[in-house]
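# A predicted structure for the sequence below; I have some questions about it.
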Amino acid sequence: MTTKRRYFTADQKVAILKQYLVEKVSLADLCDQFGIQPNQVYQWQATLFAHAAAAFQSAGGRPPSQEAQQKQKIARLEAKLEQKNEVIAELMEENPQAKKATGEL
C-alpha cells in the first residue's frame, strides 16, 4: 500500500510552525490534524532557524542611503584601481629586465 506524497507550501509550513511554537498547540495534535510525522515538524523548525538571520538582514533595516552606496562603490573602484596599478608596475619592471636578457637593451 502506497500513500500519495503530500506537499505543503511555505505559508502552510509557517502556519503549522506558528501553531506549534507560538500558540503552543501540542505536536501530537498538529500531526493528527495535518497527517504529518513529528520529525517533519522538527525538520521544518530546523530550516526556519537556520535561515532566520536572512529575514532580519533584509526586512528590518533601512536600505543604504545613496551616499553610503556611492562610498561603497568608490571604495570598490579604488581597490580595483590599486590592483591594476600593482599589475602595471610589475609589468613595467619586468619589461626592461626581459629586454636586457634578450640583448635588446
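Yep, that arrived.
# how distant is whichever strand or helix holds residue 97 from the center of its chain?
Remark: residue 97 resides in helix 66-102, with elements defined by DSSP states H and E. Put simply, helix 66-102 sits 30 Å off its chain's centre (C-alpha atoms, centre = their mean, to the nearest Å).
# stretch 29-46 now?
Worked out by C-alpha atoms, centre = their mean, stretch 29-46 lies 27 Å from the chain centre.
# and if you look at stretch 18-35?
Going by C-alpha atoms, centre = their mean, the spacing between the C-alpha centre of stretch 18-35 and its chain's C-alpha centre is 30 Å.
# how about that stretch: buried residues?
For stretch 18-35, the neighbour count (16 or more other C-beta atoms under 10 Å) marks 19-20, 30-31 as buried. The way it works is simple: take the backbone N, C-alpha and C, and place the C-beta from them, glycine included.
# which two in those are spaced the farthest apart?
Largest separation among these by C-beta to C-beta: 19 and 31, giving 11.3 Å.
# okay, and the helix or strand of the chain with the least pLDDT?
helix 52-59 (a mean of 70; mean pLDDT, DSSP states H and E).
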